[in-house]
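>>> sequence first, predicted model second:
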Amino acid sequence: GNSVTQMEGPVTLSEEAFLTINCTYTATGYPSLFWYVQYPGEGLQLLLKATKADDKGSNKGFEATYRKETTSFHLEKGSVQVSDSAVYFCALTLLEYALNFGKGTSLLVTP
Amino acid sequence: DTEVTQTPKHLVMGMTNKKSLKCEQHMGHRAMYWYKQKAKKPPELMFVYSYEKLSINESVPSRFSPECPNSSLLNLHLHALQPEDSALYLCASSGGSSYNEQFFGPGTRLTVL
């Protein structure tokens, strides 16, 4: 089946540190890949996406590259801020209606 | 308008009450979804409507009853819920040129007493 594996959190970083959240996937085909972010008490927001191999999604200083050879879509940011504290979900879709989420990674950025 | 709106934001109900959650989008999306999210977990798909017809029901108990009155609105009717149904209920929609990208609403925080 299709699935997403994310690194377990929580991840705690100091402000301005470099962030990597690992995400790997298993899929029977060529999925589209997404990172969603959920701030405390809110719904999910799409952070970035990539629809084919070697695509790089980017938004708000975050980046992720679709690596077909390693079946990965790792999230990176060069300098995190306190306001980036949230839960980050990696997800994939193959079929139009089926969005498979990873378990989520909680990020806490301290001043 | 690129928003999915949900009302109410918070809802507290007893196990014998009947209540409804509402979701609205004006992006012309043809698919709408209900998800349930427990604390520190990813969202779990409950229902999918496509072109106003129920296309996916993920074995959800009958005390949850979805309704899609038109292409912009999605309701979730609640009756005889259990305390374990307390969760964040998220609505989402998809369609258009980014057909596989789902846009989520802010959610309704439901507490069942």
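All right, it came through fine.
>>> and the residue of chain B nearest chain A?
In chain B, the residue that lies nearest chain A is residue B:42 (3.6 Å; CB to the nearest CB). C-beta: built from backbone N, CA, C; applies to glycine.
>>> so that residue makes contact with residue A:104?
Yes. At 5.5 Å, residue B:42 counts as touching residue A:104 under the criterion of CB atoms under 8 Å.
>>> what residues does chain B have near chain A?
B:6, B:31, B:33, B:40-43, B:45, B:48, B:50, B:55-56, B:88, B:90, B:92, B:94, B:99-107 (CB under 8 Å from any CB of the partner chain).
>>> 6 Å instead?
Residues of chain B lying close to chain A (CB under 6 Å from any CB of the partner chain) are B:42, B:48, B:90, B:99, B:100, B:102, B:104, B:105, B:106, B:107.
>>> count of neighbours near residue B:72?
Neighbour count of residue B:72, defined by other CB atoms under 10 Å in any protein chain shown: 16.
>>> mind pulling the model confidence for it?
Reported pLDDT at residue B:72 in the predicted model: 94.
>>> what do you get for residue B:2?
For residue B:2, the predicted pLDDT is 66.
>>> just for the chain, where's the confidence low?
With no chain named, the answer covers chain A. The model of chain A has no residue with pLDDT under 70.
>>> could you do chain B instead?
Checking chain B against pLDDT under 70 turns up B:1-2.
>>> for it, what spans make up the strands?
Ranges of strands in chain B, per DSSP state E, are B:4-7, B:10-13, B:18-25, B:31-37, B:44-50, B:53-57, B:64-70, B:73-79, B:87-95, B:98-104, B:108-112.
>>> which of the residues of chain B next to chain A are buried, as a PyMOL select command?
To isolate the buried members of these in PyMOL, using 16 or more other CB atoms under 10 Å in any protein chain shown:
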select buried, chain B and resi 42+48+90+100+102+104+105+106+107
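>>> tabulate the residues of chain B next to chain A (a markdown table), appending distance to residue A:51.
Shown next, in a markdown table, are the residues of chain B next to chain A (distance: CB to CB, whole Å):
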| residue | distance to residue A:51 |
| --- | --- |
| B:42 | 21 |
| B:48 | 21 |
| B:90 | 23 |
| B:99 | 11 |
| B:100 | 8 |
| B:102 | 14 |
| B:104 | 19 |
| B:105 | 24 |
| B:106 | 26 |
| B:107 | 26 |
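>>> excluding its backbone neighbours, what's nearest the closest residue to chain B within chain A?
At 3.6 Å from chain B, residue A:101 is the closest residue in chain A, using CB to the nearest CB. Leaving aside its chain neighbours, residue A:101 sits nearest to residue B:42 (3.6 Å; criterion: CB to CB, 6 or more residues apart in numbering or on different chains).
>>> same thing with residue B:35?
Nearest residue to residue B:35, sequence neighbours excluded (CB to CB, 6+ apart): residue B:43, at 3.8 Å.
>>> so what's the spatially most central residue of chain B bridging to?
The residue lying closest to the centre of chain B (CA atoms, centre = their mean) is residue B:34, at 3.1 Å. Residue B:34 has these beta-bridge partners by DSSP bridges: residue B:47, residue B:91.
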